[in-house]
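>>> test case, fold it:
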Amino acid sequence: MSTTSSPARKPMDWAGLGWLLLFFWYFSGVIQALLLFSGTTGFAGFRDSLILSSLWLAPVLLLPRLTRPLSALIGLVLWATSLVGLSYFGIYHQEFSQSVIFVMFESNTAEAGEYFSQYFNIWLCLGLLLYTVVAVLLWKRVRPVHLPLYSRVPVVVLLLGSILVYPFYKHMVTQQRNFADAQEKVEQRMEAAVPWQLVVGYRQYRQQLDNMQNLLQKNAALPPLENLKDSSGDQPRTLVLVLGESTTREHMHLYGYGRDTTPNLDALAASGQGLTVFRNVVSPRPYTIEVMQQILTFGDEEHPDRFLTDPSLINLMKQAGYKTFWITNQQTMTKRNTMLTTFSQQTDEPVYLNNQRNQNASQYDSVVLAPFDKALKDPAQKKLIIVHLLGTHMDYRYRYPDEFDHFKDKVGAPAVLSADQLETYNFYDNAVRYNDFVVSDLIKRYSATTPNGFLLYLSDHGEDVYSSGNHDRLGRNELDPTRPMYTIPFLLWTSPSWQASHPRDLQAMANRSYSSSHLIHTLSDLAGLSYDRYDPSKSVVNPLFNATPRWIGDPYAKNGLHEFDKLPGADAPQQQQTASSDTPRPDGK
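Sure, this is the predicted structure:
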């Protein structure tokens with residue numbers, strides 16, 4: 001009796017699978033590796049690019065006989081789309097994002113030609129050529145990986161499900177987000193890999209552009225302010241508004257903090273040359289967008305929607321004959337930042353400097369200095385220059401260069417902090433020290449032009465960095481507020497000529513209790529503007545100023561408003577709460 005044995009099953013070709021994955025990942029992995037090892041971003045993009053690149057294994061596992069031509073076709077698409085992001089990193093050392101797409105479409109052909117001629121060089125070409133050669137060499141190592149016929153479809157379904165379907169399940173079921181929010185989270189991770197970097201970026205750009213255009217159209221239809229008068233006459237002037245980010249005055253030596261975080265501003269204040277330090281100003285909200293909707297408009301905690309129905313500060317200044325500039329180091333086109341971009345688009349000359357895909361990337365505020373100098377030299381007789389800094393926004397370690405790594409030990413820090421908390425605490429104080437350099441340098445550059453005008457600096461909101469209670473809170477949480485989340489710096493530098501023509505005893509006003517929600521009235525007063533909507537009792541520099549309750553909290557929530565001055569003191573015990581960056585209200589508004 002004879003028997004026939006079935007052929008032996010071939011072992012899994014793990015090496016072949018590895019070469020396939022390496023080839024597909026190469027086109028996203030190189031740029032993510034450059035971003036990671038240059039310190040520009042963290043590990044998340046590097047990880048996500050590997051996960052998303054494994055999607056391309058699906059067609060070659062289903063059709064192993066076509067592995068070579070399929071991988072060549074897919075590789076060609078990935079190579080072509082990856083050149084965009086790689087070239088952008090080579091020029092700007094930033095990650096390509098939808099903000100870049102926005103800036104590209106906002107630039108005219110002449111500007112594009114200038115950029116190309118300035119940055120096109122032989123070394124960039126050689127780098128891209130070497131990148132292409134390595135891609136071809138990797139493709140030559142690609143070979144078919146044969147799975148048993150009965151397991152191909154289940155393996156591919158499992159692969160696609162774990163990468164594309166499971167994230168939706170996690171966000172919608174586990175974290176109880178709606179589909180739109182879940183889609184946004186999934187797309188954010190997909191942007192780490194090509195070609196999704198371009199596809200998702202362009203789709204989101206179009207979506208946010210439509211939202212912005214709707215807001216701009218509504219703004220353009222608003223009637224002008226009635227009975228506008230300018231008591232400053234026709235004399236040339238330059239006014240500057242510097243908007244900070246996430247900087248609490250409770251970590252500033254200028255305001256009595258123990259650590260030497262503000263050496264430059266300390267020196268300016270001590271010199272007695274035009275700097276007034278307002279010591280009791282708070283922000284109405286702990287989130288950037290919601291704050292800007294108040295401080296740049298007639299909106300406040302009791303009338304939060306006036307940013308939609310009334311002219312903005314930019315509208316006001318343009319009606320008064322000012323040429324307006326907006327220089328920003330904030331992200332440009334994101335779902336949360338569309339409102340900021342809308343404000344910037346109301347100005348005559350917006351300048352966008354931060355095109356990073358996420359905030360956890362190295363992006364230093366010194367980039368605003370050159371465009372600020374250019375705006376100062378503009379020949380317009382009346383100018384308003386708004387500079388929006390990234391300030392001390394999370395992640396703090398990405399907010400300052402190595403030379404500002406000043407605080408490294410526990411001297412001056414709360415003794416109860418753990419090692420990890422102390423590291424974060426030092427990161428924040430280093431960011432505050434760098435912010436001191438940038439703000440003081442803006443003042444010095446402005447004063448060097450012998451201007452006729454003033455420069456006002458304030459932060460949008462504060463940040464609790466283990467500063468209050470039991471020193472166990474990090475970030476901001478409107479539902480469980482602490483003082484550091486709202487206490488902000490508010491500094492005014494006036495030129496000698498402006499002070500002479502607009503005499504005020506500013507130092508006598510420096511301790512007034514004030515909310516930045518009424519900033520438009522203070523700026524109008526400082527500029528010598530009056531109109532029917534102007535209220536001198538809401539200007540911190542006016543003799544008629546009236547100190548009223550400073551409301552904080554969510555104006556859209558039932559019983560959402562609270563008086564800031566009734567918050568527990570900085571040393572009162574607090575319940576532990578952790579909050580992160582610009583998280584919107586729980587109801588999503």
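
>>> for the longest helix anywhere in the chain, buried residues please.
Secondary structure assigned by DSSP state H gives helix 419-448 as the longest helix of the chain. For helix 419-448, a neighbour-count test (16 or more other Cβ atoms under 10 Å) marks 421-422, 424-443, 446-447 as buried. All C-beta spots, glycine's among them, are computed from the backbone N, C-alpha and C.

>>> repeat for stretch 131-142
For stretch 131-142, using 16+ other Cβ under 10 Å, the buried residues are Y131, A135, L138, W139, V142.

>>> could I get the full set of strands for the stretch 251-400 of the chain?
275-278, 281-282, 323-331, 349-354, 382-388 (DSSP state E, counting those that start in this stretch).

>>> on that earlier part again, got the angle for the longest helix of the chain vs strand 323-331?
Orientation check (axes from the mean of the first three to the mean of the last three Cα atoms, to 10 degrees): helix 419-448 against strand 323-331 gives 160 degrees.

>>> show me what helix 419-448 is packed against.
Where contact means 3 or more Cβ pairs under 8 Å, 6 or more residues apart in numbering; DSSP states H and E, helix 419-448 is packed against strand 237-244, helix 263-271, helix 369-376, strand 454-459, strand 464-465, strand 490-494.

>>> which residues touch the last one?
Spelled out, it's strand 490-494. 265, 268, 274-278, 281, 439, 443, 446-447, 453-458, 502, 506, 514, 516, 526, 541 (Cβ atoms under 8 Å, 6 or more residues apart in numbering).

>>> at 6 Å instead, please
G274, L275, T276, V277, F278, V281, I443, F454, L455, L456, Y457, L458 (Cβ atoms under 6 Å, 6 or more residues apart in numbering).

>>> given that strand, what are its sheet partners and their directions?
strand 275-278 (antiparallel), strand 454-459 (antiparallel) (DSSP bridges).

>>> out of these, which is closest to E563?
strand 275-278 (19.4 Å; Cβ to Cβ).

>>> R306: neighbour count?
For R306, the count of nearby residues is 17 (other Cβ atoms under 10 Å).

>>> what residues are up against it?
Applying Cβ under 6 Å, 6+ apart, the residues near R306 are T297, F298, G299.

>>> which of these ranks first by neighbour count?
Ranking the contacts of R306 using other Cβ under 10 Å puts T297 first, with 26 neighbours.

>>> find the nearest non-adjacent residue to it, please.
Of all residues not flanking T297 in the chain, F307 sits nearest, at 4.0 Å (Cβ to Cβ, 6 or more residues apart in numbering).

>>> check E187 too.
That would be V200: by Cβ to Cβ, 6+ apart, it lies 4.7 Å from E187.

>>> for the helix or strand hosting the one you found, packing partners?
For V200, the element it lies in under DSSP states H and E is helix 196-220. With contacts taken as 3 or more Cβ pairs under 6 Å, 6 or more residues apart in numbering; DSSP states H and E, helix 196-220 sits against helix 98-106, helix 179-190, helix 338-345.

>>> now do that helix against helix 338-345, angle only.
Orientation of helix 196-220 against helix 338-345 (the same axes, to 10 degrees) gives an angle of 60 degrees.

>>> any idea of the angle helix 196-220 forms with helix 179-190?
130 degrees.
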